[in-house]
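Student: dropping the sequence and predicted coords here.
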Amino acid sequence: MKQIFFRYLNHNVSKEFVKFIIVGLINTILNILTFYTCFDYLSLSIHTSFIIGFLVGALVGYFLNHNFTFKKLKLNGQRFLVFNTPIVLVKYMFLQCVNMLIGLLILSLLINITFLSTMILLCQIITISFTTIINFTVSKFLIFKTK
């Protein structure tokens, strides 16, 4: 069982996914802290707080995924980022905006339709879980793909 697990972890996508989850945890913490700061201390609406938290997480996520998660090449002993172009940032932020809209929809459904309306943090965590899967798949195969 242990050998199967480590063989699986040695696969490139698995390593990237583990790194992506680490980056995602950092983003999630920043997202939630920003969300609660905006919602509880600045008295912004739940949707405005969600958008601000999501965008803070998205920007941090871009830089961490850009420099940590996805492959880098070595050129003359120096690390060279294959995707170091402004167009990648635009694509990534577009993905984040789509994810944000999906997240707003899920959050609204959870708050307005389910019994979870008083559990804002749980709704936020459920929402982030769904958007993480979309985010990794699109980032890996479309945004940060290597040629």
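Tutor: Ah, there it is.

Student: what is the helix or strand that residue 100 is a member of packed up against?
Tutor: Following DSSP states H and E, one finds residue 100 within helix 86-113. Helix 86-113 is packed against helix 46-64, helix 120-138, with contacts defined by 3 or more CB pairs under 8 Å, 6 or more residues apart in numbering; DSSP states H and E. Where C-beta positions appear, they are placed from N, C-alpha and C, glycine not excepted.

Student: out of those, which comes closest to residue 17?
Tutor: Residue 17 sits nearest to helix 120-138 of all those, at 6.4 Å, using CB to CB.

Student: against which helices or strands is the closest one packed?
Tutor: Short answer (3+ CB pairs under 8 Å, 6+ apart): helix 120-138 packs on helix 12-36, helix 46-64, helix 86-113.

Student: what residues of the second one count as buried?
Tutor: In terms of neighbour count (16 or more other CB atoms under 10 Å), helix 46-64 has its buried residues at 46, 49-62, 64.

Student: and what of the first one?
Tutor: Neighbour-count burial for helix 12-36 flags 16-17, 20, 23-24, 27-28, 30-32, 34-36 (criterion: 16+ other CB under 10 Å).

Student: tell me the angle it makes with helix 86-113.
Tutor: Interaxial angle, helix 12-36 versus helix 86-113 (axes from the mean of the first three to the mean of the last three CA atoms, to 10 degrees): 60 degrees.

Student: which other helices and strands contact helix 12-36?
Tutor: Against helix 12-36 (3+ CB pairs under 8 Å, 6+ apart) you get helix 2-10, helix 46-64, helix 120-138.

Student: quick one: these as JSON lines, columns for distance to residue 96 and mean pLDDT too.
Tutor: Output for the helices and strands packed on helix 12-36, formatted as JSON lines (distance: least, CB to CB, whole Å; pLDDT from 0 to 100):
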{"stretch": "helix 2-10", "distance to residue 96": "28", "mean pLDDT": "52"}
{"stretch": "helix 46-64", "distance to residue 96": "4", "mean pLDDT": "87"}
{"stretch": "helix 120-138", "distance to residue 96": "8", "mean pLDDT": "83"}
